[in-house]
Each structure stands twice: as structure tokens, then as C-alpha cells.
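Novice: One predicted model, sequence on top.
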Amino acid sequence: MFIAADVAFRVQHSVIRLFVHKRLESIGYQDRQLAQLATIGRQPVNVTKWFNLYSFDIMGDLAFATSFNMLESTEEHFAVKVLDKGLEPVGWMLPTWMFRLLVAIPGLANDFVRFENTMTVNTPDVIATLLGPWKEKTPTAGSDTTSATLTHLFYELAKNPDHVLKLRDELASHLSSGSDLSHQQIKNLDHLNAVINETLRLYPVAPMGIARLTPREGIEIEETYIPGNMKVSCPQYVIGRREFSENIYADAEAFIPERWSKPEMIKDNSAFAPFSTGTYDCICKQLALLSLRTVIAKLIMDFDVSFAPGDNGKYFAKNTTQHFTWGLAELNLVLTKR
């Protein structure tokens, strides 16, 4: 999900963004998803699955010029299943002591090196444009992170239906009669962006944080000295919640999108970095936000959202796990066509 972004990318950024806008709005994934959901009627829908199919279909088309066609088949492509299973052990591997233990096993370090050296990238379109000089690096895209954000966001909307009405009113006020939603129309809407930001605060795309290496000479932060060549991380999930977060966010555990227009509720803006920050921030951030805004807007304008009968979301909250990204449990919602 995170790839080095340097000056060359910054120069091409506007061109890439224009391509993505036109591409996403022409391939009609949102409309296909709406058509699929509308046929289900008032039956509960596992939105965890649907958002996953949607996100990976988009990334397949943009990155490889070939869709996985999962929305049509309603089944996950085998590669997506492999990715999900492959990420599960990462939750155990991220602690540095586990890495040290693994590389101490005879032959394992050499296996890692051989695996890395055999990984090559030969992808067209967006990824090829981005990677150019870095063809020997190994990228991963933002498909699963987009689907995780959508799933968590609609979980919160089902819990807080007043925000569905606020979103719908805001969207309706920016649409002319009979017009279709476009990203240009909605990209600066206050409540839409606030709902997305609040979801990313509570459910960041990489909840365990991205590791960084301290400089060789060590570093002192807030009067605490950290030796050199040490891996450090600031888990965004922890920063966005819990005890000390009250020094950053007022009522940190609560879903309050309005906080993003109330400075007194956010005491330190620098704490919010759901896509990481700096040189190695997420290169797919703008693509992810574009996709999030458009699919949220289309679903909210076309459907009412509620939990399935007898479900209050507790199963989803209890059984969702964290590894490098999210291992999402089923979330069954009723999406009623308006």
C-alpha cells in the first residue's frame, strides 16, 4: 500500500490524477454495483464482500488493464483470496523480536533474499507510469484498504443513521435536477469528507503503523533517546483512540464527523496520518479518496442503510481482526432502494 514517492512522481501527479478521474468515471463500476444491490431488494447484503469485489475490480482495471470481473461473477478471484490469507501472518511478524527469531532459523534469511530477488513487476497503465525507473521493486495497491474503509464507514452509518440524512441533504444541495454525480461536484463537500476522515481516524488503513528506522547516530524525541538502527512505529489505531488520545481528540472513541469542523475537538492535527506521511506516504491516496467519495455518494443517494434484522453490528466489531491491514468479518446490512 505504501511506495516511495519522489520528485518524478510529483511532476506526473496531475497527469495521473486526471487519468484516474476519467477512467473511474467511464468504466461504470459504481453503476454496476448499484444494479447488483438493487436486485437484492430488502434482503441482507454482506457488504464486506461487495466492497471487496468492487475495490479489487477497479484496481485490476487501473493497474493491469484487465478487470477481475468479480462484480459480475459475485465470487472472489483466487488471487484476492491468496492475498487475504498471505496477510494474516503479518500481524504476528511485525514485532521486531519475531523478525529476529525468524531470520535466526537456518536458511530462512537466504530464502527471503531469493524470494525478493525473484519478484519483478511488469504492469501497464497507472502502475507502469508510476514505477518506470523502479521496475525491480515490488508494489502493492490500495484495493483492500479502500474496501476496508467503505465497510467500516457503512458500519458507522448503520449505527448512526442521522449521518445518512446529513450526507443526503448535503449531496442533494449540490446536484442539479437529473444530473449524475461526478467527483468534481462532491470532492469538497464538508460532511462527506468529515465522515471519511472520522472513519479513517477510528479505522486507519494500516492500523498497526508503518515501521521506520532511526538514524545511525540515534535520535532524541521529547527528551527520550532512541538508539540508532532501531525500528519504531506509531500505530494510527492507537493514536486515534484510547486514553492519551484525549490529549489529541476530544471524546476519542466516539464517531463524531462534526469534529472536523470544530478546532476545539482536534487538539493536534499532526496526529492524523491515515495514509502515513513524508517521503513514503501512500501513493494511492488520491485514488482512494476519489473512489471513496463517489461510491459513498451514489449509495447514499440511492439506498437507505440499516443493520440486518437481529443484527446490531456486534459480530462485525468483535470478529474483525488486524494484521498489516484489516481482516474484516461479515457485515450484513439491508440496503433499501429509495
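Specialist: Right, received. Where do you want to start?

Novice: Check the model's average confidence along stretch 305-313 for me.
Specialist: On average, the pLDDT along stretch 305-313 is 92.

Novice: Make 626 the first number, not 1, from now on.
Specialist: Fine by me, first position is 626 from now on; the one you just mentioned is stretch 930-938.

Novice: Contacts for it next, please.
Specialist: Contact with stretch 930-938 is made by 669, 779-780, 782-784, 786, 789, 924, 956-961, as judged by CB atoms under 8 Å, 6 or more residues apart in numbering. The C-beta positions use only the backbone N, C-alpha and C, and glycine is treated the same way.

Novice: hmm, 7 Å instead?
Specialist: For stretch 930-938, contacts defined as CB atoms under 7 Å, 6 or more residues apart in numbering pick out 669, 779, 780, 782, 783, 784, 789, 957, 958, 959, 960.

Novice: gap between the two ends of it?
Specialist: One end of stretch 930-938 sits 13 Å from the other (CA to CA, to the nearest Å).

Novice: what's the answer for stretch 853-873, then?
Specialist: End residues of stretch 853-873 are separated by 28 Å (CA to CA).

Novice: Same question for residue 959, what's its three-state structure.
Specialist: Secondary structure assignment for residue 959 (DSSP: H, G, I helix; E, B strand; the rest coil): strand.

Novice: The closest residue to it other than its chain neighbours: what secondary structure?
Specialist: Distances taken as CB to CB, 6 or more residues apart in numbering put residue 931 closest to residue 959, at 5.0 Å, once the chain neighbours are dropped. With three-state DSSP as the basis, residue 931 sits in strand.

Novice: what's around the spatially closest residue to residue 952 that is not a sequence neighbour, how many residues?
Specialist: In this structure, residue 952 finds its nearest non-sequential neighbour in residue 946, 4.0 Å apart by CB to CB, 6+ apart. Residue 946 has 11 neighbours, counted by other CB atoms under 10 Å.

Novice: does residue 946 really touch residue 953, like I thought?
Specialist: No: taking contacts as CB atoms under 7 Å, residue 946 lies outside contact range of residue 953: 8.3 Å.

Novice: contacting residues around the closest residue to residue 889 other than its chain neighbours?
Specialist: Closest residue to residue 889 apart from its sequence neighbours, by CB to CB, 6+ apart: residue 875 at 6.9 Å. Taking CB under 7 Å, 6+ apart, we find residue 875 in contact with 884, 889, 890.

Novice: what's the spacing between the last one and residue 931?
Specialist: The gap separating residue 890 from residue 931 is 28 Å, by CB to CB, to the nearest Å.

Novice: and those two? which has more neighbours close in?
Specialist: Comparing residue 890 with residue 931 by other CB under 10 Å, the one with more neighbours is residue 931, at 18 against 14.

Novice: Would you mind measuring from that one to residue 673?
Specialist: Applying CB to CB, the value for residue 931 to residue 673 is 16 Å.

Novice: So what touches stretch 831-846?
Specialist: 626-627, 719, 850-862, 901, 947, 949-951.

Novice: can you tell me the distance between the two ends of stretch 790-807?
Specialist: Stretch 790-807: ends 20 Å apart by CA to CA.

Novice: So which bits of stretch 884-891 are buried?
Specialist: Using 16 or more other CB atoms under 10 Å as the test for burial, stretch 884-891 gives 884, 885, 891.

Novice: Among the residues you listed, find the lowest-pLDDT one for me.
Specialist: residue 891 (91).

Novice: and that residue, backbone torsions?
Specialist: phi -130, psi 100 (degrees, to the nearest 10).

Novice: Same list, the buried residues of stretch 884-891, but as a markdown table with distance to residue 938 please.
Specialist: Below are these laid out as a markdown table (distance: CB to CB, whole Å):
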| residue | distance to residue 938 |
| --- | --- |
| 884 | 21 |
| 885 | 23 |
| 891 | 26 |
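
Novice: Distance of the residue nearest to residue 961 when sequence neighbours are not counted relative to residue 832?
Specialist: Nearest-residue entry for residue 961: residue 929, 4.4 Å, with adjacent residues in sequence omitted and distances by CB to CB, 6+ apart. Separation of residue 929 from residue 832 (CB to CB) stands at 30 Å.

Novice: what stretches of the stretch 676-825 of the chain score poorly on pLDDT?
Specialist: Along the stretch 676-825 of the chain, segments meeting pLDDT under 70 span 684-692, 697-698, 702-769, 801-805.
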